[in-house]
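Peer 1: Pasting the sequence and the predicted coordinates here, then a few questions.
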Amino acid sequence: MRRKHDFICINCPLSCTVELFEENGEVQEVRGNECAVGEKYAVTEYLDPRRRVTTTVRVRGGVLPVVPVATSAPVPKRLVREVVRALAGVELQAPVEMGQVVMPDILGTGVDVVTTRPLPAKRD
Amino acid sequence: MSFKARNCQLLPTRAEIVVVGAGVIGCAIARELTRYTPDVLVLDKENDVACGASKANNAEIHSGIGEDPGTLKQKLNVRGNRMYDEFVRGLGVEFKRQGLLIVITPRSAPPELLERMNEEDRRRFFTEVIPRGIVNFGKKAGITGLRILSREEVFEREPNVTREALAGVFDPNYGMVCPYKLTIALVEHAVLNGAKVFLNTEVNGFRVEGGRVRAVITNRGEVETSLVINAAGVFADEVADMAGAGGFRIHPRKGATLLFDRDVTSEYVRSSVAEFRLPGMKKTKSKGGGAMPTVEGNLQLGPTAVEVEDKYDTSISAEEIEEIFERFHYLLPDFPRDAVISAFSGIRAPTYEEDFVIEASDKVFGFVNVAGIQSPGLASAPAIVEMVMGIIKDLGWELEERKDFIPERPAPIKFSELSNEERHRLIMEDPRWGHVVCRCETVTEMEVVNAIHSIIPATDMDGVKRRTRTGMGRCQGSFCGHRVAAILARELGIPVTEVTKSGEGSPIYVGRTKDLLLQNDLRGERLVDEG
Amino acid sequence: MTKILRPDAVVIGAGPAGLGAALAAREAGLEEIFLLERDFELGGILPQCIHDGFGSIVFDQVLTGPEYAQRFIDKVERSGIEVFLDTMVLELRSDRSLVAVNSRDGVLRMEPGAVVLAMGCRERTRHQVLIPGYRPAGVICAGAAQRYINIEGLMPGRRVVILGSGDIGLIMARRFTLEGAEVEGVYEIMDHPGGLTRNLVQCLHDFDIPLHLSHTVTFIHGRKRVEAVTVAKVNENRKPIPGTERLVECDTLVLSVGLIPENELSKKAGVVLHPATGGPVVDELMETSVEGIFACGNVVCVFDLVDYVTFTAEVAGRGAAEFVQGRRRWRGEVPVRPGRNVRFVVPQRLRCLDREVELYFRVQRPERSVRVRVLVDGRVVHSRKARMVRPPEMVRASIPAGALNEGVREVVVEVTPDEKEA
Ligand SMILES: Cc1cc2nc3c(=O)[nH]c(=O)nc-3n(C[C@H](O)[C@H](O)[C@H](O)COP(=O)(O)OP(=O)(O)OC[C@H]3O[C@@H](n4cnc5c(N)ncnc54)[C@H](O)[C@@H]3O)c2cc1C
Ligand SMILES: Cc1cc2nc3c(=O)[nH]c(=O)nc-3n(C[C@H](O)[C@H](O)[C@H](O)COP(=O)(O)OP(=O)(O)OC[C@H]3O[C@@H](n4cnc5c(N)ncnc54)[C@H](O)[C@@H]3O)c2cc1C
Ligand code: SF4
């Protein structure tokens, strides 16, 4: 069965609504895009959409109670929430380095979760 | 004393005099009573003083020019205004007499009346008859110093007033205070002189025996007493009924006010400004309102007057906002609409007679009602206190002045008002003076700490705000909110997630981040997107 | 009191603008530079912007806010720039003298050779948009919510309604959702979204969060904590349509209703502000109307891209150095005027007339297939095709070196339909 999927291209302010037609998972036609960038975008969004995930994890003894973290590369979109949930129970000990690996190969994606800033320990 | 300990303090079993309600009226009466006896107990159901009308009003000390002749309101207002300088002496609160400009415009008289006049008559009516009438009205009420102003003199005084103005009258008696700071100062002064204040203490009833009041019943126990002052504001009728000392009804009437950024408006009006309407033209019974500066220099426009059912209805409707804009668009054609930083509304406490009810109950001996204190209650406060003291004397209480009365209440230090030399000296003494937590109003950590440990301690964000002005500036707490919350948590010894905006049920935060995820985890919910 | 300090330059605010300006001034040869920041760390608003999307122009790389800031912070720490943290500037005068305060030094008085304003912007609050109702806990600005969640580690709510579809609101819709809160919807009074398409897709669509255009919040319920809001559809005049009201239960209302440049200090110093930008009127060195006081970043106008903030910072930092070193020369005074479909242009005037100038502007309305043109006395000196321009997105143009001289009367920036395509 032939099915249509709409994507809004995010690559320029024009924001074309790109229609992608597919049959049994095979892309057959892409239209509505004003340029080639849009086609590539829609196909990727259909076949393998990925997002870089950013969130925070808890830190013990730091100047702040949380430190921001991110996946070092985009992960499949459907795993975004699960990545964040998998990190919810993590607690680091200050000081935290920039780029420190918080969780390697998260959910078997081959992608590491790393800190995106340093966080010094609290002095008292 | 820790937050918890303070809350668990036991209510005294006896007090010579109990004041119900810690608004400006109850606190002013309590302060006066302590000149004679330290055994005064003030009770309020809220978690801070000045949580009723006394925190949400227009802060004007009227002269009495707006009140109907022959009313108790007018009499006490005129007298109260005269007593104000003495009333606030030693309290460390600001009181200014900015005056009131009454503006006479073509709208000041009804069209039916004007139709019958020729042009010259009309001119004279607006520039002579009305102004003289106002001055004479004042004279009869005992209000002195009123001055008639020509059109030009009106603009000289207040350049932003509508060019339609025809004449004016200036009343130099009008003043302003910060009403909640005044209330706090009054009650702190009372406490310095021995009074006790119990907050979170709701009066539910009274024990009356043989026609005399014997005790006050509260959610925290009973207090024996033989004299009760009912200053419960909008609830005064219900409180009186609990003792069988009622007979009047209070119908709540809401008033909304818009508040403007003081950086934009501190020069916008110098005095209070109101448009004159011939008697009978006003739509509502409450005072007409106007444009007035606060002691801090913010312009206020309002208030509205809307009868409501719920005594807690401090909401503001779209219609009210619209109404204020429309009303003042005429009087001050180019007022800075964009500079609104806040809007608030308060509940007036009128009786159906629309006058103050200040009397000893004739049904229950030892029960004094101070009710129906709508506007100009703040302005009349000193005279209300005087009258209540007279009533108490008449009831047979012997009032002998104490020798050990402390005449002054030290005011908290405001960093923003200090010279740089003084600021520097303080910071060298305690570094917390150098940590500015509220950028708009330049409030330091030390001021917040002081507010939390003051005689009547601030226990929530609004309490700190009323005492220090944190969050009152144009960013309305976006910058300082979490900073103040953290200080509150530290000083009160509670987790920051227990800090509230205005007491129970108003938490600032619902928990820590990750808490919700970990809870969901326990419930085994699936968070993976299918698709 | 402490003695008066006389550094070459003082930079007020250490967000990307302040960091960039201080570094540029340093590179241009200024010796003693003070960087004054009221927060406890460097970076300005960026440490709380933990999402990615920063630096695609400056670094040709997509970074998170903290990562972007860290690149500058690392440089500043090695540069010999003197950093004052937890230090609030309280007063600034037109002679550039200023008063700052912190816990360690007390009251600091400074008379620097030049001042760079980099105080950023603040958020519009509820009352600036006047939402009727109560004033309970749980009504917060999106930026404040971002700070609570990402810096303080605290959740401001569980069930959230967002008013305004600006980028920060959209980003917070995703952030709340990822933290396990429920975002009921985003309501936008205009008939088009306020934020970037990228954020619409990745923050709303990805999480099935509905966006209600031409809607607003008409009442906030709850005396102590938000209990619900009433939402309604609005007509063309943005007035609620009676009968379309709907009650939405929630414990939090997040406002993303715009940013305003933070210019309290600028006003005290007598710096002239522009009515359309809300920030100082500047020239091609980012010098304000007060000699020796420069400005950059969001204090000048709200830039949507941090990269542009960095560019203006470099210009201001170099400008401050030129001024202190006595090299800054004015050759004339040429106004830069907004032409067709242009709301404002920064800088608003040109005085040195000796260099290439980058112009930043916003359009009045969305338009497809256009040409962005810069005219010097009617002569086109820059013309570039654009598929689309939209008000939320800042547009860049430039005046080439050599196009300006003392005789020039005006520069006009305009957006015109692209004839070749039409
Ligand atoms: C919009 C508005 C504008 C106004 N403007 C002005 C003005 O410009 N000038 C002026 O002079 N006046 C003005 N007023 C009037 C003025 O605010 C009041 O007259 C004054 O504040 C009344 O003080 P109060 O102490 O009687 O009442 P409140 O301040 O209301 O105090 C009553 C207290 O009693 C407590 N209480 C009630 N029931 C109980 C109970 N059962 N147990 C324990 N405690 C209880 C309440 O919690 C409350 O704290 C204005 C009023 C409003 C609403
Ligand atoms: C909430 C929010 C979210 C954003 N999200 C994005 C995004 O996703 N992508 C993007 O490209 N851009 C985003 N931006 C825009 C971008 O981050 C800003 O353009 C950029 O951070 C502005 O830099 P700035 O240095 O001008 O201001 P800021 O980063 O705001 O820095 C100003 C600094 O000045 C300090 N300061 C102010 N007054 C004083 C004083 N009197 N004394 C001492 N210090 C003072 C402040 O504390 C602050 O640190 C966002 C902006 C905001 C406000
Ligand atoms: S398809 Fe091309 S023109 Fe359309 S939005 Fe994407 S990049 Fe822009």
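Peer 2: On my side now, so go ahead. Ligands and ions are numbered 1, 2, ... in the order given.
Peer 1: so who does the residue in the stretch 1-150 of chain C that ligand 3 sits nearest to touch?
Peer 2: Across the stretch 1-150 of chain C, the shortest distance to ligand 3 (CB to the nearest ligand atom) belongs to C:Ser56, at 14.5 Å. No exception for glycine: its C-beta is placed from N, CA and C like everyone else's. By CB atoms under 8 Å, 6 or more residues apart in numbering or on different chains, the residues touching C:Ser56 are C:62, C:307.
Peer 1: now it: how far from C:Thr310?
Peer 2: According to CB to CB, to the nearest Å, C:Ser56 stands 12 Å off from C:Thr310.
Peer 1: what's the answer for C:Ile33, then?
Peer 2: Separation of C:Ile33 from C:Thr310 (CB to CB): 17 Å.
Peer 1: cool, B:Glu326 as well?
Peer 2: 46 Å.
Peer 1: Looking at these two, which is more packed in?
Peer 2: C:Thr310 (28 against 9; other CB atoms under 10 Å in any protein chain shown).
Peer 1: Looks like the more buried one contacts C:Gly18 (just checking).
Peer 2: No. C:Thr310 lies out of contact with C:Gly18 (CB atoms under 8 Å); the separation is 10.9 Å.
Peer 1: Do me a favour and get the end-to-end distance for stretch B:207-222?
Peer 2: End-to-end distance of stretch B:207-222 (CA to CA, to the nearest Å): 9 Å.
Peer 1: Do it and ligand 1 come into contact?
Peer 2: No. Judged by CB under 6 Å from any ligand atom, stretch B:207-222 stays clear of ligand 1, getting no closer than 7.2 Å.
Peer 1: Spatially nearest residue to whichever residue of chain A sits closest to ligand 2, not counting backbone neighbours?
Peer 2: Per CB to the nearest ligand atom, A:Thr54 is where chain A lies closest to ligand 2, at 10.8 Å. Nearest residue to A:Thr54 in three dimensions, chain neighbours excluded: A:Ala70, at 4.5 Å (CB to CB, 6 or more residues apart in numbering or on different chains).
Peer 1: domains for chain A, by residue range?
Peer 2: A:2-47, A:54-115 (automatic domain parsing).
Peer 1: can you put those domains in a markdown table and add mean pLDDT and mean neighbour count?
Peer 2: As requested, these are exported to a markdown table (pLDDT from 0 to 100; neighbours: other CB atoms under 10 Å in any protein chain shown):
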| stretch | mean pLDDT | mean neighbour count |
| --- | --- | --- |
| domain A:2-47 | 93 | 16 |
| domain A:54-115 | 97 | 19 |
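Peer 1: Now distance to B:Val20 too, for those, in JSON lines please.
Peer 2: Putting the domains of chain A into JSON lines (distance: least, CB to CB, whole Å) gives the following:
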{"stretch": "domain A:2-47", "distance to B:Val20": "63"}
{"stretch": "domain A:54-115", "distance to B:Val20": "44"}
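Peer 1: Going by residue numbers, what spans are helices in chain C?
Peer 2: C:16-27, C:65-79, C:142-147, C:167-178, C:197-199, C:264-268, C:306-324 (DSSP state H).
Peer 1: So for residue 124, what's the pLDDT?
Peer 2: No chain specified, so I'll use chain A. Turning to A:Asp124, the model gives it a pLDDT of 71.
Peer 1: Not quite, go with chain C.
Peer 2: In this model, C:Arg124 carries a pLDDT of 80.
Peer 1: Go ahead and confirm it touches C:Gly278.
Peer 2: No. C:Arg124 lies out of contact with C:Gly278 (CB under 8 Å); the separation is 10.7 Å.
Peer 1: which residues do these two both contact?
Peer 2: Common neighbours of C:Arg124 and C:Gly278 (CB under 8 Å, 6+ apart) are C:Ile260.
Peer 1: before we move on, what SS does the residue nearest to A:Thr54 have?
Peer 2: strand (DSSP: H, G, I helix; E, B strand; the rest coil).
Peer 1: and it, what is it in contact with?
Peer 2: Residues near A:Ala70 by CB under 8 Å, 6+ apart: A:52-55, A:113-114, A:116, C:50, C:52, C:64.
Peer 1: distance from the centroid: which residue in chain C tops it?
Peer 2: Distance from the C-alpha centroid of chain C, by CA atoms, centre = their mean, peaks at C:Gly243 (37.8 Å).
Peer 1: Could you measure from it over to C:Leu285?
Peer 2: Counting by CB to CB, the gap from C:Gly243 to C:Leu285 is 56 Å.
Peer 1: Quick check on the residue of chain A closest to ligand 2: phi, psi?
Peer 2: phi -120, psi 140 (degrees, to the nearest 10).
Peer 1: That one: what's it in contact with?
Peer 2: For A:Thr54, the contact set (CB under 8 Å, 6+ apart) comprises A:68-71, A:116, C:50-52, C:64.
Peer 1: Next: C:Gly153.
Peer 2: Counting by CB under 8 Å, 6+ apart, C:Gly153 touches A:56, A:58, A:64-66, B:512-514.
Peer 1: rewinding a little: including distance to ligand 2 and mean pLDDT, could the helices of chain C go into a markdown table?
Peer 2: Below are those laid out as a markdown table (distance: least, CB to the nearest ligand atom, whole Å; pLDDT from 0 to 100):
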| stretch | distance to ligand 2 | mean pLDDT |
| --- | --- | --- |
| helix C:16-27 | 3 | 98 |
| helix C:65-79 | 7 | 97 |
| helix C:142-147 | 3 | 94 |
| helix C:167-178 | 4 | 97 |
| helix C:197-199 | 8 | 92 |
| helix C:264-268 | 6 | 94 |
| helix C:306-324 | 4 | 98 |
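Peer 1: Turn these into JSON lines, columns for distance to ligand 1.
Peer 2: Formatted as JSON lines, the helices of chain C follow (distance: least, CB to the nearest ligand atom, whole Å):
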{"stretch": "helix C:16-27", "distance to ligand 1": "43"}
{"stretch": "helix C:65-79", "distance to ligand 1": "44"}
{"stretch": "helix C:142-147", "distance to ligand 1": "29"}
{"stretch": "helix C:167-178", "distance to ligand 1": "33"}
{"stretch": "helix C:197-199", "distance to ligand 1": "42"}
{"stretch": "helix C:264-268", "distance to ligand 1": "29"}
{"stretch": "helix C:306-324", "distance to ligand 1": "44"}
